[in-house]
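Student: I would like to see how this sequence folds:
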Amino acid sequence: MTSITRSRLRPTWDDEPSIAGKLTKAVGLVIMVLVIVFPIYVVVLTSISSGKAINEAGGLVMIPDGFSFQAYAEVLGGGVVVKALLVSMGVTIVGTAISLSVTAMAAYGLSRPGSFLHRPLLFTVLVTFLFGPGIIPSYLLVNSLGLIDSYWSLILPGAISAFNLVVLRSFFMGIPGEVIESAKIEGASDFLIFRKIVLPLSKAALAVIGLFYAVSYWNAFFNAMLYLNDSAKWPLQLVLRTYVLDGAPMQTASGTVDPSSLGLAAVPVTSVRMAVLVLAMIPVAAIYPFVQRHFIKGVIVGAVKG
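Tutor: All right, here's what the predicted structure looks like:
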């Protein structure tokens, strides 16, 4: 009788799923994994397939039939792709460090009631969710600051994300006020409290926000297309765009960039495109496992406590 009463009081989602329910979940998960993994499998396999296998498949290769790493040898042998890879890595590292630092300091300031211009600044941040500056005003601002053809044009215009700021602010608001007040009583300054207490307690949220910024900088190509006229300064994603768009050359202020002029004509164009795609995926895929354990905790806690 007691077990029946407890079963009735327990929420439905806490009940043990039936065999049919377990089977449905398993099938659903398998389908989702296949939908995600299969395109990656095709891209990687095509990038290491021989020209014969690509020609017989009519494009993308789904069944292995001879392997060749010539596309990677050509891509990594020097030239545009290697330099673009270094540019993307530099922009991502520097941009993530700047964005995370500025966002954390701004979020902490806005999380403390009674801080200087608390409400006007918070309102300004929230307004950006609804209204954006537009391409032309952004370009005119970057141009007036003298950042055209500068790597800073890839970092400063998007240094702070309103979404990341709000999520991190919500997380900081969940830190007990008694801890901060006790530190102030001991004579600690706001910066010391932020550095010694708030940041160590917020490692999960900072890891997630850092991942968001890193992925954003790594995948960005539109700012580079707007602000970089010199093709020698292109990041990897913009070079990748040149290959993916049917191998078409891209016209810039400094001239035309054609994949066939980069020493890559000896290998199939499809194989080269897939090789560059794989190189673009590797950094994010390598970083994510180290941040995964913080991902759910950082996002959920930051969202719920707001």
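Student: Show me the residue sitting in the middle of the protein in space.
Tutor: Nearest to the mean C-alpha position of the chain, counting by C-alpha atoms, centre = their mean, stands Val215 at 1.5 Å.
Student: can you give me the helices in the stretch 101-250 of the chain?
Tutor: With helices called from DSSP state H, counting those that start in this stretch, the stretch 101-250 of the chain shows them at 118-127, 135-144, 162-173, 177-185, 190-193, 199-201, 203-219, 222-227, 236-244.
Student: Show me what the fifth one is in contact with.
Tutor: Outside helix 190-193, the residues that touch it by C-beta atoms under 8 Å, 6 or more residues apart in numbering are Ile180, Ala183, Lys184. For glycine as for every other residue, the C-beta is placed from the backbone atoms N, C-alpha and C.
Student: out of the helices of the stretch 101-250 of the chain, nearest to Val269?
Tutor: Smallest distance to Val269 across the helices of the stretch 101-250 of the chain (C-beta to C-beta): 7.6 Å, for helix 236-244.
Student: now that closest one against helix 203-219, angle please.
Tutor: Per axes from the mean of the first three to the mean of the last three C-alpha atoms, to 10 degrees, the angle that helix 236-244 makes with helix 203-219 is 40 degrees.
Student: quick one: buried residues of helix 236-244?
Tutor: When burial is assessed from 16 or more other C-beta atoms under 10 Å, helix 236-244 yields the following buried residues: Leu236, Gln237, Leu238, Val239, Leu240, Arg241, Thr242, Tyr243.
Student: Including pLDDT and distance to Leu117, could these go into TSV?
Tutor: As requested, the buried residues of helix 236-244 are exported to TSV (pLDDT from 0 to 100; distance: C-beta to C-beta, whole Å):
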residue	pLDDT	distance to Leu117
Leu236	86	40
Gln237	86	37
Leu238	86	38
Val239	83	43
Leu240	79	42
Arg241	79	41
Thr242	76	45
Tyr243	69	48
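Student: Let me have the residues you listed in CSV, extended by distance to Leu110.
Tutor: Output for those, formatted as CSV (distance: C-beta to C-beta, whole Å):
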residue, distance to Leu110
Leu236, 34
Gln237, 32
Leu238, 34
Val239, 38
Leu240, 37
Arg241, 36
Thr242, 41
Tyr243, 43
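Student: Could you single out the nearest of those residues to Gly134?
Tutor: Checking these against Gly134 by C-beta to C-beta gives Leu238 as the nearest, at 21.3 Å.
Student: what residues are up against the closest one?
Tutor: Here Leu238 is in contact with Ala84, Phe221, Ala224, Met225, Leu228 (C-beta under 8 Å, 6+ apart).
Student: go again using 6 Å as the cut-off
Tutor: Phe221, Ala224, Met225 (C-beta atoms under 6 Å, 6 or more residues apart in numbering).
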